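Student: Test case, fold it:
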Amino acid sequence: MMKVYRLLLIVFVAGILAFSVDVVKAQCAMCTASIESNAKNGGASGNGLNHGIMYLLAAPYLAVAILGYIWYKKYRRKNVDLNMRDEKLNLN
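Tutor: Got it, this is the predicted structure:
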C-alpha cells in the first residue's frame, strides 16, 4: 500500500512540474541583440535558442539525478545485523 502512495506522490509531483512551466529568457547580451534584430525582421530563431538553452540547463541535473538513483539502488542495504557486544567499552 505504501508503494502505491509513493507512486502517486511521484506522479503528482511530476505532473505539477510538467504543467507549471513558465517562459524563460536566458541569453547572453550578444545572443539577445542578435535575436532581437532577427525578431524585428520577422525571424523566429529566438524560440529555438531558448529551447536549446533550457535543454543545456536541464541535462546536467538529469544526469546527476539518474546517477544518484542508480547509486541509491545499488548500495542500499536491507536488514543489516550490527552484532554489537553487550559489554561496556573502556575509552581510557
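Student: Can you list the buried residues in the lowest-mean-pLDDT helix or strand in the chain?
Tutor: The weakest-scoring helix or strand in the chain, judged by mean pLDDT, DSSP states H and E, is helix 29-40 (a mean of 78). For helix 29-40, a neighbour-count test (16 or more other Cβ atoms under 10 Å) marks 34-35 as buried. C-beta here means a position set from N, CA and C on the backbone, and glycine is covered the same way.
Student: Show me what that helix packs onto, helices and strands only.
Tutor: helix 45-75 (3 or more Cβ pairs under 8 Å, 6 or more residues apart in numbering; DSSP states H and E).
Student: buried residues in the helix it packs on?
Tutor: Quick answer for helix 45-75 (16+ other Cβ under 10 Å): 46, 49-50, 53.
Student: State the mean pLDDT of that helix.
Tutor: The pLDDT scores in helix 45-75 average 86.
Student: coming back round to it: can you add distance to L9 and give the buried residues of helix 45-75 back as TSV?
Tutor: Output for these, formatted as TSV (distance: Cβ to Cβ, whole Å):
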residue	distance to L9
G46	37
L49	35
N50	31
I53	30
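Student: got a list of what M1 touches?
Tutor: If you count contacts by Cβ atoms under 8 Å, 6 or more residues apart in numbering, M1 has none.
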